[in-house]
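Undergrad: please work out how this folds:
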Amino acid sequence: MVTLGDYIGLLLSELNIARAKADIESVKIAEIYSVNKILQNFPIPRVRFNKVEITAPIAIEKVDQKGTDSQDTSLNISKLKSQIIRSITSVLENNGINLSEEELKLVNKKIEEISNQLEKTLKISYKGIDIIDLENLADEYSKGISPQILELKERHTDTKGVDIQQIIKGIKTAIRIRLISMMTSPSRVNVLVQTSQIKEFNLESLTVLKFDIREDAMEWTEYKTNQGETKEFLVSE
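TA: This is a model prediction of the structure:
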């Protein structure tokens, strides 16, 4: 048994591996051509997938019901407050700012205010917060708490060398990571793909997947930073 997403991913991965092996063979052929006076004038043969069609029969065995409407698994603002506080206090402690009980109460009060405002302004579906909202949420919380963080930094005189912008950036990243870890995994579709399994299955329940795949290759390119450093990154051909 395998999930449908894993099965499709494996098919696409195998195509990538096939293309890589073909490119390696092209390099070997290029080396042979380079030492032959006649072959030097010939183009190097190279295989490229312009279009690949795959037709694959599958049998849907079951749907994993995790994360469906029947369960209370949505991310709501009210569920996030304690996690937001943990993210903030963790980043502050890493930067030498340990909150007193009074300071922690002030941070809690501010997070409560931000949360109440977000509940009024964010358009959140009945299922809760979607993953596309997490970046906005992290940004809203980090911006909302930043004046108080600056005040805390000034109170803690032993942190004068700490960059406040780095603290705010760290808080935003920590909140986003924590919220992502709280997201419920989507439901998965379990399928049968082996020929022997499919033969034993009810033929009327078979599903046929048809893929029309076109290749979009990547290549390395270089650029120079303002500091004169040369860096490489991948871009589409």
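
Undergrad: tell me which helix or strand the most centrally placed residue in the chain sits in.
TA: If you average the C-alpha coordinates of the chain and look for the closest C-alpha using C-alpha atoms, centre = their mean, you land on Ile180, 9.3 Å from that point. Assigned by DSSP states H and E, Ile180 falls within helix 164-182.

Undergrad: tell me how far the residue nearest to the centre of the chain lies from Gly228.
TA: Taking C-beta to C-beta, to the nearest Å as the criterion, Ile180 is separated from Gly228 by 36 Å. C-beta here means a position set from N, CA and C on the backbone, and glycine is covered the same way.

Undergrad: for Asn94, same thing?
TA: Remark: distance between Asn94 and Gly228 (C-beta to C-beta) = 32 Å.

Undergrad: those two - which one has more neighbours?
TA: Asn94 (12 against 6; other C-beta atoms under 10 Å).

Undergrad: what's the local residue count around the closest residue to the more buried one other than its chain neighbours?
TA: Across the structure, with C-beta to C-beta, 6 or more residues apart in numbering as the measure, the residue nearest Asn94 apart from its sequence neighbours is Gly170 (7.4 Å). As a burial measure, Gly170 scores 19 neighbours (other C-beta under 10 Å).

Undergrad: thought Gly170 was touching Ser90?
TA: No - if you go by C-beta atoms under 8 Å, Gly170 and Ser90 don't touch, sitting 9.1 Å apart.

Undergrad: three-state assignment of the closest residue to Thr55 other than its chain neighbours?
TA: Leaving out its chain neighbours, the residue that sits closest to Thr55 by C-beta to C-beta, 6+ apart is Lys210, at 5.1 Å. Following DSSP: H, G, I helix; E, B strand; the rest coil, Lys210 is assigned to strand.

Undergrad: next: Asn98.
TA: Per three-state DSSP, Asn98 ends up coil.

Undergrad: tell me the phi and psi of Val63?
TA: Backbone dihedrals for Val63, given as degrees, to the nearest 10, come out at phi -110, psi 120.

Undergrad: which residues does the nearest residue to it once chain neighbours are set aside contact?
TA: What sits nearest to Val63 in space, not counting adjacent residues and going by C-beta to C-beta, 6+ apart, is Val189, at 5.5 Å. Contact criterion C-beta atoms under 8 Å, 6 or more residues apart in numbering gives 3-5, 60, 63-64 as the residues in contact with Val189.

Undergrad: give me the mean pLDDT for the helix holding Ile180.
TA: Within the predicted structure, the mean pLDDT of helix 164-182 is 84.

Undergrad: and the helix or strand following that helix, which strands flank it?
TA: Next helix or strand after helix 164-182 toward the C-terminus (DSSP H and E): strand 189-192. When pairs are called by DSSP bridges, strand 189-192 turns out to pair with strand 2-3 (antiparallel), strand 52-63 (antiparallel).

Undergrad: ok, then the element right after strand 189-192?
TA: Reading on from strand 189-192 to the C-terminus, the next helix or strand found by DSSP H and E is helix 195-200.

Undergrad: so how far is that following helix off the chain centroid?
TA: From the chain centre to the centre of helix 195-200 is a distance of 35 Å (C-alpha atoms, centre = their mean, to the nearest Å).

Undergrad: which other helices and strands contact it?
TA: Using 3 or more C-beta pairs under 8 Å, 6 or more residues apart in numbering; DSSP states H and E as the contact criterion, the secondary-structure elements in contact with helix 195-200 are strand 52-63.

Undergrad: average pLDDT for the strand it packs on?
TA: Here the mean pLDDT over strand 52-63 is 88, rounded to a whole number.

Undergrad: let the chain start at 59 from now.
TA: With 59 as the first residue, the last one maps to strand 110-121.
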